[in-house]
Each structure stands twice: as structure tokens, then as C-alpha cells.
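Visitor: Below are the sequence and a predicted model for it; my questions follow.
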Amino acid sequence: MAEPKLEVPAELRDLVEKAVDQAEKAFGMFFDAANKSVASVSTPGTETAKQALTFTEHNMKAAFDHARKLVHATDLQEAMQIQSEFLRSQFTNAGEHMRQITENVMSAAKNASKF
């Protein structure tokens, strides 16, 4: 039995793409402001904050890319494959991000104990 096609009108796909583009632009402006704000403050946690902000920005870009791919899925199997790949990459990235943040926090704590 053939997988049913996703009948999504081209107009709706275009509308979703424009919405994703607008949301990505808004988040880009937010991240620009947040990066400037974090850069203007020098505290022991500044590097960790910068790193967390970078990871968050990376995750948001991945989510926008995922949405763009998903809107072009032509059947349920393709949509599920796109979703599966996205979740797999996000879990991998989350583990790596946690490892890097933990290293950064441990290093900062070690440096703080020297004083």
C-alpha cells in the first residue's frame, strides 16, 4: 500500500516559510542584543553565559532549518524521517553542549579556588 501524499497547498507552504524566515530574523536580532549585553559585562560566569547563548543560538538555527525541511515533506514517512534525524542530532548536540558547559564550569571553579 502506498504512503499517502501530504496535500499541503503551495500557498500554505509559502506562508509557513515566510513565518519561519520572520521568526528567524527576530531571533537573530534578539541574539545580537543578547551577545552585546553579555559582552559588556565581565563576571566569572560571563564565559559560561556566552557559551550557553551560542549553544542556544545553534539550537534555534537547527530548529528553523528543521521547520523548513518539514514544510517540504511530501509524505508521512518523509516527515517522520526528518523528525527522527532532527531529534537524533539534537540529543547528540545536547550531550556535547552539556559536556562543554560542565568543563567550563569546572575550569572556572578551579580557577576561582586559586584566589
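Guide: Okay, I see it. Remember, it's a predicted structure, so these values are computed and weren't measured experimentally.
Visitor: Now do the helices in this structure.
Guide: Assigned helices in the chain, in chain order: 10-39, 46-71, 76-113 (criterion: DSSP state H).
Visitor: elements contacting the shortest one?
Guide: This means helix 46-71. Taking 3 or more C-beta pairs under 8 Å, 6 or more residues apart in numbering; DSSP states H and E as the contact definition, the neighbouring helices and strands of helix 46-71 are helix 10-39, helix 76-113. (C-beta placed from N, C-alpha, C; glycine too.)
Visitor: just the first one next, same as before
Guide: The helices and strands touching helix 10-39, judged by 3+ C-beta pairs under 8 Å, 6+ apart, are helix 46-71.
Visitor: centre of the chain versus the helix it packs on, how much separation?
Guide: Distance, stretch centre to chain centre, for helix 46-71: 2 Å (C-alpha atoms, centre = their mean, to the nearest Å).
Visitor: what's the burial count for Met106?
Guide: In terms of burial, Met106 registers 10 neighbours under the definition other C-beta atoms under 10 Å.
Visitor: And Val38, by the same measure?
Guide: Applying the criterion other C-beta under 10 Å, we find 19 residues in the vicinity of Val38.
Visitor: returning to what we had before: just name the most buried of the helices of the chain.
Guide: With neighbours defined as mean count of other C-beta atoms under 10 Å, the helices of the chain peak in mean count at helix 46-71, which reaches a mean of 16.
Visitor: what's the angle from that helix to helix 76-113?
Guide: For helix 46-71 and helix 76-113, the angle between their directions (axes from the mean of the first three to the mean of the last three C-alpha atoms, to 10 degrees) works out to 180 degrees.
Visitor: re the thing from before, make TSV from the helices of the chain and add mean pLDDT to it.
Guide: Supplementary listing: the helices of the chain in TSV, determined by pLDDT from 0 to 100:
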stretch	mean pLDDT
helix 10-39	93
helix 46-71	92
helix 76-113	91
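Visitor: Wait, Glu17 touches Arg68, no?
Guide: Yes: shown here, Glu17 and Arg68 form a contact pair, counting by C-beta atoms under 8 Å, at 6.7 Å.
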